[in-house]
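Asks: sequence plus predicted model, see below.
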Amino acid sequence: MLTAASALIAVLLLLGGSARVLRARGWVGSAQPGSALAVRESLALDAKRRLHLVQCGERRVVLLTGGTQDIVVGWIEDQP
């Protein structure tokens, strides 16, 4: 039991460290400066579905993903 618990902890630490390295190098979780497409926010609605706020150039769109199909909820208009 102690071996299994220590192996689980080791795997979780490796995953956490890998995620930090990938984010720090800009490979995951952040858009490159000047890129035209970027995921700004993401919200889990339940186990399958997520809402995403995606920026495409100067415009933003809300997407619902998961379930049986992905849906464009709508474009967000910039307010003056």
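Replies: Arrived safely, thanks for sending.
Asks: any idea how this structure splits into domains?
Replies: In terms of domains, the chain is parsed into 1-30, 31-80 (source: automatic domain parsing).
Asks: pretty sure residue 71 contacts residue 64?
Replies: Yes. The pair residue 71 and residue 64 passes the contact test of Cβ atoms under 8 Å, sitting 4.5 Å apart. No exception for glycine: its C-beta is placed from N, CA and C like everyone else's.
Asks: bridged to residue 59, which residues?
Replies: Beta bridges link residue 59 to residue 56 when assigned by DSSP bridges.
Asks: pLDDT at it, what is it?
Replies: You'll see residue 59 listed with a pLDDT of 86.
Asks: quick one: the strands in the chain, in order.
Replies: 37-44, 50-56, 59-65, 71-76 (DSSP state E).
Asks: the last one pairs with which strands?
Replies: The strands beside strand 71-76 in its sheet (DSSP bridges) come out as strand 59-65 (antiparallel).
Asks: list the contacts of the strand it pairs with.
Replies: Identification of contacts with strand 59-65 by Cβ atoms under 8 Å, 6 or more residues apart in numbering yields 40, 45, 49-54, 70-76.
Asks: for residue 9, state which of those is nearest.
Replies: Taking Cβ to Cβ as the measure, residue 9 lies nearest residue 50 of the contacts of strand 59-65, at 28.4 Å.
Asks: so where is the chain shaky, pLDDT-wise?
Replies: Within the chain, the stretches with pLDDT under 70 are 23-34, 79-80.
Asks: buried members of the contacts of strand 59-65 into ChimeraX, please.
Replies: This is the ChimeraX syntax for the buried subset of the contacts of strand 59-65, where burial follows 16 or more other Cβ atoms under 10 Å:
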select :52,53,54
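Asks: picking that back up, quick one: which of the strands of the chain is nearest residue 2?
Replies: strand 37-44 (33.6 Å).
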